[in-house]
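> need a 3D model of the sequence below.
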Amino acid sequence: MPVLWIALIVLAAAAIAYVLARRSALASAQGDVRRMHSLPSYYGWHAFIMTALPALLLMLVWLIFQPLFIENRIAAQLPAEATATATAQQLAMRDVRSVADGLQAAISSGAITPDEMEAFTNDPSTLRARLGEAGVALGGNVTPETLEAAQNFRALASTMSLTMTVLVLGVALAGAAIALKQVRPDFWARNAVEKTVMGFLIFASAIAIFTTISIVFSMVFETMNFFSQYPWQSFFFGTTWSPVFHGNSQLGIIPLLWGTLYISFIALLVAVPIGLFAAIYLSEYASNRVRSFAKPLIEVLAGIPTIVYGLFALVTVGPLLRDYFAQPMGLGSSGTSVMTAGLVMGIMIIPFVSSLSDDIINSVPQSLRDGSLGLGATKSETIRQVVLPAALPGIVGAVLLAASRAIGETMIVVLGAGAAARLGLNPFEAMTTITVKIVSQLTGDTDFNSPETLVAFALGLTLFVITLGLNIFALYIVRKYREQYE
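Have a look, this model is predicted:
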């Protein structure tokens, strides 16, 4: 039975349990719900949770571990030469899964019958031809061993799926029975439901925390593997980036780090003043009519795909800067440059600054403005000395978000700034960033365990540490200069 149908049956059973438990609670109350510890709906939700939650958790865990169990069992049946190495075993199991999927598709469509499978065991080549005539593409190498393993794979998967269906439905029914039995006046159904909801909220928070920890550890382990093959001194202090996939690579991060910070700095020079001034105007000066159409128009910039910004930089901004600034001043003749990427990236992150700053400024209590104006301050003095200090934590958060967005951008840099890793102060020269090189090092037909590929994880970890440092610094500034109000 498909997994979706099992889940729907469990939810239907949980809905029925909810109705039965609520009716039972009303019957136990005998017309006076004050006799019950909790409202009847809590007894219903308790029955719903007891029916659905354990069954769905069991199904989730089963679906996670079932493929691992099946592959280990089938791999043990393959010839020794097919599992001599981890790579060989992966390739062999890929063929087995491909053949098993093709057989399942053929049997489901009626192209062949299960009774015909025995005729193909001795001559697997005829199986491919037969399925080809039926319009079923069969991938992988079809050998007698692969065909036998594929049949065992299908049989074991079918048996385990049937077992899972029985166990999941059994757990659902058992949970419903227990919940219905607990419907009585002295059962604290509300407390049980609230504890379950609180546990779910804690689990949701833990997912975010463990995801962050997993990301960090995955980068740390691969970075350690990289530094076991390449000296860390050359990585952190090297001024040359020249990966050569046949050896003798120079993988210094300083040119990439310089390009990242240089482009991000120009982007923030564009985005922060424009975004902050736009937020001040919209929140303090603009009429409701102007604000109603100006704010959505600014936020439209955040919804434009970055590839469109990249094309805008490549086709419009780059040639414009080259023809009217770089070439006349003798600073360069290329349309791809730091200035091109920085300007377009700054335009892209204006909504991150303006929208968040606008919301923060609007959240400043009106009583602060009224008090300042009542003491004789002008509107501009009130904004400068009262409103902005009160909104400083949110504004710093908006700038930090914009900085993180600029540091992590890739597509605009590829099309607007080029891919040259170099050190220099000329803003009209082509440079590149860490994120661009992470993508380039992880693409292509290169050995994953080579330093030229593993350097991407070291670059990613370095970028993570830089971003974390920016967050800590911003938190320090906010706490030091934040205005306190009663």
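
> can you report phi and psi for Gln250?
Here is the backbone geometry of Gln250 (degrees, to the nearest 10): phi -110, psi 110.

> next, count neighbours for it.
Neighbour count for Gln250, taken as other CB atoms under 10 Å: 14. (Glycine included, C-beta is placed from N, CA and C.)

> what sits against it?
Applying CB atoms under 8 Å, 6 or more residues apart in numbering, we find Gln250 in contact with 234, 238, 240-243.

> before we move on, what about Ala377?
Counted by CB under 8 Å, 6+ apart, Ala377 has contacts 385-386.

> pull out the buried positions in the helix or strand harbouring Met224.
With elements delineated by DSSP states H and E, Met224 resides in helix 189-227, which encompasses its position. Neighbour counts over helix 189-227 (16 or more other CB atoms under 10 Å) mark 189-190, 192-193, 219, 222-223, 226 as buried.

> looking at those residues, which is nearest Thr159?
Nearest to Thr159, judged by CB to CB, of the buried residues of helix 189-227 is Ala192 at 36.2 Å.

> in which helix or strand would I find the closest residue to that closest one other than its chain neighbours?
Of all residues not flanking Ala192 in the chain, His46 sits nearest, at 5.3 Å (CB to CB, 6 or more residues apart in numbering). When elements are assigned from DSSP H and E, His46 belongs to helix 40-75.

> helices or strands up against that helix?
Packing partners of helix 40-75 (3 or more CB pairs under 8 Å, 6 or more residues apart in numbering; DSSP states H and E): helix 3-29, helix 86-109, helix 144-181, helix 189-227.

> that one vs helix 144-181, what angle?
For helix 40-75 against helix 144-181, the angle by axes from the mean of the first three to the mean of the last three CA atoms, to 10 degrees is 160 degrees.

> for the record, mean pLDDT for helix 40-75?
The average of the pLDDT scores along helix 40-75 is 88.

> ok, stretch 244-261 next?
85.

> extract the C-alpha trace of it and format it as CSV.
Taking Å, rounded to 0.1, in the frame of the first residue of the first chain, the C-alpha atoms of stretch 244-261 are listed here in CSV:
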residue,chain,number,x,y,z
VAL,A,244,45.5,22.8,-10.9
PHE,A,245,43.7,19.4,-10.9
HIS,A,246,46.8,17.5,-11.7
GLY,A,247,48.8,18.7,-8.7
ASN,A,248,50.9,21.7,-7.6
SER,A,249,47.8,23.9,-6.8
GLN,A,250,48.1,27.2,-5.0
LEU,A,251,45.0,27.6,-2.9
GLY,A,252,45.4,30.9,-1.0
ILE,A,253,42.2,32.4,0.3
ILE,A,254,43.3,36.0,0.6
PRO,A,255,42.4,37.0,-3.0
LEU,A,256,39.0,35.5,-2.6
LEU,A,257,38.4,37.1,0.8
TRP,A,258,39.5,40.4,-0.5
GLY,A,259,37.1,40.2,-3.5
THR,A,260,34.2,39.2,-1.2
LEU,A,261,34.8,42.0,1.3
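
> now that stretch: buried residues?
For stretch 244-261, burial by neighbour count (16+ other CB under 10 Å) applies to 249, 251-260.

> for it, the distance to its chain's centre please.
Offset of stretch 244-261 from its chain centre (CA atoms, centre = their mean, to the nearest Å): 27 Å.

> by mean pLDDT, flag the weakest helix or strand of the chain.
When each helix and strand of the chain is scored by mean pLDDT, DSSP states H and E, helix 117-120 comes last, with a mean of 59.

> rewinding a little: need the contacts of Gln250 in JSON lines with neighbour count, distance to Arg94 and secondary structure, can you?
Shown next, in JSON lines, are the contacts of Gln250 (neighbours: other CB atoms under 10 Å; distance: CB to CB, whole Å; DSSP: H, G, I helix; E, B strand; the rest coil):
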{"residue": "Ser234", "neighbour count": "14", "distance to Arg94": "38", "secondary structure": "helix"}
{"residue": "Gly238", "neighbour count": "17", "distance to Arg94": "39", "secondary structure": "coil"}
{"residue": "Thr240", "neighbour count": "14", "distance to Arg94": "40", "secondary structure": "coil"}
{"residue": "Trp241", "neighbour count": "21", "distance to Arg94": "36", "secondary structure": "strand"}
{"residue": "Ser242", "neighbour count": "12", "distance to Arg94": "36", "secondary structure": "strand"}
{"residue": "Pro243", "neighbour count": "18", "distance to Arg94": "30", "secondary structure": "coil"}
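
> now, the most widely separated pair of these?
Farthest-apart pair in these is Ser234 and Pro243; separation 12.5 Å (CB to CB).

> between those two, which contacts overlap?
250-251.

> any idea how far stretch 95-104 is from the chain center?
Worked out by CA atoms, centre = their mean, stretch 95-104 lies 31 Å from the chain centre.

> I appreciate the help and will end here.
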